[in-house]
Each structure stands twice: as structure tokens, then as C-alpha cells.
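**Q** I'd like to go over a predicted model; first the sequence, then the structure.
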There are 2 protein chains.
Amino acid sequence: MTADGRLSWRAVRDRIHARILSGHYAPGDRLPRDADIADTLGCARSTVQRAMQDLSDSGIVERRRKGGTRVRPDPVTRATFEIPVTRREVEAKGGRYGYQLIRRALEETPRTIAATLEIGAPERMLRVEALHLSDGRPFMLEDRWISTATAPEILDVDLSVESANEWLVVNRPYSRCDVRFSAEAAGEREAELLGCAPGSALFVIDRTTWIGTRPITTVKAATAPGYELLTRTPGDQGAM
Amino acid sequence: MTADGRLSWRAVRDRIHARILSGHYAPGDRLPRDADIADTLGCARSTVQRAMQDLSDSGIVERRRKGGTRVRPDPVTRATFEIPVTRREVEAKGGRYGYQLIRRALEETPRTIAATLEIGAPERMLRVEALHLSDGRPFMLEDRWISTATAPEILDVDLSVESANEWLVVNRPYSRCDVRFSAEAAGEREAELLGCAPGSALFVIDRTTWIGTRPITTVKAATAPGYELLTRTPGDQGAM
DNA sequence: ATTCATATTATGTAGCTACTTATTTTGTCA
DNA sequence: TGACAAAATAAGTAGCTACATAATATGAAT
């Protein structure tokens, strides 16, 4: 609601959302056209448009030209997660950040890694294994491949001091990022490095980034037992 | 780009994004004001505004009134996941969906559950344990609490036929949803129901929903070994 | 009845103006 | 110098118009 009593687009959005939540509009139902809603509520169509766009982005309604707007018949839970640089993540959780380089080598990528990076043939890349620590205890173990074609400067970085994670995030912003979450049992080596029992359930984050179509890096990050990931609480959402 | 040669807001966004990716604007740098960019590119300020809003939503830039726009100094990976109704998820993966009700009882919530649901004191709620199957094999085991205060009709639903998941999604849209991902070792009971070895690493999704401030349901869904969650590939993203 | 061109319709996009609001900068006064 | 008020600034919002685009509906011709 604005100062002069007119409805803001958020107010319009919340109003429509409320009608959906209350069952006035059920999943699959068609909503009135933007222009009619605008008339009813006494605001401009552009305001309704913005409200509807937001509801559409949130997965609550579907919009199609000429077809109009309807309540999504198969609601989905849309969750957004923010994965910060590991150092920040540790610090945000109140820990003192530590870092150890375990291995650094130039190797030919296995076929699976080449496929993940969407390159035709295996390539020689920089492989880095490192451990992130929180208050001196293992927090996350990363096994990373970095394309030396896309980021040659990484070869001159002293990775025993600065983590590849941190360097890349600042120096190689990506245009595309694929993320995969899974659970995996700790192997012998992982268990030892993460300081847990072999077979422990680990939360694993696989991430691959590209700039344009050129691969930058792919990393498998195995987190120490107990790790969990929460949805970022949206600033607005939660209408009604 | 529009038909008449003017820049669309997506084109403007991609252009600015490209300049960030190329390092022309580095993390922390301040960008020109919207009006200046509009002049430079020969488009309206509202177009730049829309482009900037999108970059801001994507976590690429930060905007503050008077402060202007700057490239986010601590880039975060922002990943969005869509969690559909379990039946649809199974079907989307090419499986034949099956469902089994394991337990249905009215119970007092433990304190931990009451806390998760953000209610002051424990309450009597409907507890449902059910197994979702894909091609006859266990896919996901859910342990759910449903507020009979918020959704009393659930008591009349034949949960041996229709899953609570499905009923709630259609009949109790939520205004807020918290999601938590974690990895957990399968216990005796879980292992038996999911048909895996005890101690197997399971991917666990905890979800709690509210309508306004009233709790609807909280569910712990343990997925069979091998489950993984991928980012939904955004329709637009991937500029440059 | 089927096909295909045409009209209609509802959303999408761009531009303009005017005003609001949060925040920083500046400048004055104690 | 420090505190506080006033001015300036840059993004945020709302409304208007005009036109683009995609999808559907209609109707004519075969």
C-alpha cells in the first residue's frame, strides 16, 4: 500500500495470493485478466502485471499469452539456497576458518569429469584436493578440477595459502552453474581426512561452473557429518 | 533486442552481466547510475531498472538507494530447486508410482516437532508414515505430522489410497515453506522399509509448511540410496 | 468435416512522466 | 570538533500509452 491509498504491486500480489490460499481460486482455475483485476482493485494494469509476474516466478500461477493466468495445477515447492564461499560459510556459523591444501597435480580428467564439464574429450587439468576447517576441525573436503585452458592464472596461485574456491569466486565469475546434492557414505580416505568413521553419511555438493560454454571448474565437496543446508528465508514471500 | 533495434531489458542485463564477467567491473565496484547507463545504451531508465532488478535478484549486484549499484563483493552461488509432488517426481524419472500407508495415528508431538512447527506447546496431531515406490521399489519414506487444527479434513481422507503429500498440496496451499537438506545413516527400521543396508547414507529432506502463522505439516522424507537433487536449469540465465 | 488463413485476445515489453524514499553528503551552528 | 539539520542523489514505485507476440478462436473455402 502506498501513501496515497493506492495499492502497491506487493499488495496486489498478496491479495491474489490470499485468494488462492483461501481456495477462492483452486489449482487449475483461471484468474480474471490483468485488466479486469486492475479495474476491480482500482490500480493500473502494469501494477497487476508486476504482481502476476512475481506469482509466476514463485511457481504459484502459470501465465500464457491469450490463455490467461491460471493457478498452477501441480504446485511445486521451490526452494532457493545460497552457497557462499566456504570461508564465509564457516565464519557465518561462528567458526574460525582454517584451510589445508592436500594435493595439487596436473592430471588428465577421467571421462566422467569431462562429461560433467561438457567437453568432448578428456583434457589435462589442475586437480586440487583441499580441506576446509572450522575451529580446527574438518568441515568440508573438496576434490576439484580446474580448466587450465579457461583459467591459466590458477597455475601461478599459491594454493597452500589461498583456496581455489576463494580465488575462482573472485577471479572467474561464471555465467552458468550446475549444482547437485546427494548423500554418500564416507570411504576410507574421506573418513580419515574428515575425521569420521568410514561409512558415515556425508552430505555431498557437486558444483560445476562455466563461462559461456567454456568450463571453469567442477568440484565435489563432501561435508563433515552433521552438515545441513537450509533455505534462505526470503525477504518478502510469505504473503497473507 | 526488439524488432525496432532498441535494447530489451534482457539484452541490457546480459550486457551488464558480460561486463562483470569480463572483469570490466570487478567485485565491489560501483556501476554507473541507471540513468547514465540508459543514456549510454540509448534506452529508457525503466529498462535498465528492470535489468538491474534481475541482476540483483540473481545475487550478482547489490543495489541501494542513493548508494547506487555495485557488484556483489562476496559472490554466492544461488541455486533453486523444485520439489514436485512425489508421484510426479517418480513419474518424471520414468518410474511407475506406487504408494503404501504404513502407519496412521493421533499422537502428541514431541517437543522438537512442536518447535519446528513454531507452536508453543505440544499438540495432538495426525502422524502418518508412508512409503513412496518407483516401479515397486522403495523410493522415499516419509514421516509426517499434520496439524488437525489447521487441516481437520485430513482425518476423513483415506490415506491408504491417497497420500497425505498429494492431498495437502492440493487442499492446503502454504504461504511459507522451510526446507532442510541433510545426509543421515539409515537406522534399522528405515533400512528395512527402504530395502537397503542399515547405515546406508540417505539423503533427507525436511519440510515444514505454514499458512500465515498456522502450521500445516512437517515431514521428514528419507530417500532411498542413490537419490540426488539437481538445480532446475533456469530458462533465461546464462548470459554472455 | 477438414484445412488454412484471419481475427481476436490476453499477456509481454518498452518508453515516458511524476513522485517517493532511503541514504549519503554537505554545511551550519554550537 | 562534533552534532544535527538540510540538500542532494539514486534507486523504487505507480500510472499511462503504445505496440509486440503468442495462442486461441473463428470462419471461409474446399
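**A** Looks like it arrived, so ask away. Numbering: from 1, shown residues only, chains lettered A, B, ... in the order given.
**Q** any idea how far the spatially closest residue to A:F181 that is not a sequence neighbour is from A:E118?
**A** The spatially closest residue to A:F181, leaving aside those adjacent along the chain, is B:L229, at 4.6 Å (C-beta to C-beta, 6 or more residues apart in numbering or on different chains). C-betas here are computed from N, CA, C, even on glycine. From B:L229 over to A:E118 the distance is 20 Å, taken as C-beta to C-beta, to the nearest Å.
**Q** higher neighbour count, these two?
**A** B:L229 (18 against 14; other C-beta atoms under 10 Å in any protein chain shown).
**Q** next one: phi and psi at that one?
**A** According to degrees, to the nearest 10, the main-chain angles of B:L229 amount to phi -120, psi 130.
**Q** now swap in A:A183 and tell me
**A** Per-residue torsions, A:A183: phi -120, psi 140 (degrees, to the nearest 10).
**Q** surely it touches A:A222?
**A** No. In this structure, A:A183 is not within contact of A:A222 by C-beta atoms under 8 Å, at 10.2 Å.
**Q** find the residues that touch each one of the two.
**A** The contact sets of A:A183 and A:A222 overlap at A:202-204 (C-beta atoms under 8 Å, 6 or more residues apart in numbering or on different chains).
**Q** restricted to strands, list the residues you listed.
**A** A:202-204 (DSSP state E).
**Q** on that earlier part again, tell me the contacts of the residue nearest to A:F181?
**A** By C-beta under 8 Å, 6+ apart, the contact set of B:L229 is A:180-182, B:81, B:83, B:181, B:203.
**Q** looking at A:A183 and A:A222, which is more packed in?
**A** Taking other C-beta under 10 Å, A:A183 and A:A222 do not tie; A:A183 has more neighbours (25 against 22).
**Q** list the buried residues in stretch A:25-32.
**A** A:25, A:27, A:31 (16 or more other C-beta atoms under 10 Å in any protein chain shown).
**Q** just confirm A:D39 is within a helix.
**A** Yes. Counting by DSSP: H, G, I helix; E, B strand; the rest coil, A:D39 is part of a helix.
**Q** do the worst-scoring helix or strand of chain A on mean pLDDT and chain B meet?
**A** Lowest by mean pLDDT, DSSP states H and E among the helices and strands of chain A is strand A:77-83, with a mean of 87. Yes. Using C-beta under 8 Å from any C-beta of the partner chain, we find that strand A:77-83 touches chain B at A:77-83.
**Q** show me the contact partners of that strand.
**A** Outside strand A:77-83, the residues that touch it by C-beta under 8 Å, 6+ apart are A:58-59, A:89, A:179, A:205, A:207, A:229-232, A:234, B:59, B:76-84, B:177, B:179, B:181, B:207.
**Q** and if you look at stretch A:19-30?
**A** Contact with stretch A:19-30 is made by A:31, A:60-61, A:68-75, A:239-240, B:170, B:173-175, B:211, as judged by C-beta under 8 Å, 6+ apart.
**Q** give me the subset of those touching DNA strand C.
**A** When C-beta under 7 Å from any atom of the strand is applied, the members of these adjacent to DNA strand C are A:31, A:68-69.
**Q** burial of the residue nearest to A:S160 when sequence neighbours are not counted, as a residue count?
**A** Closest residue to A:S160 apart from its sequence neighbours, by C-beta to C-beta, 6+ apart: A:L101 at 4.4 Å. With neighbours defined by other C-beta under 10 Å, the count for A:L101 comes to 16.
**Q** perfect, that will be all.
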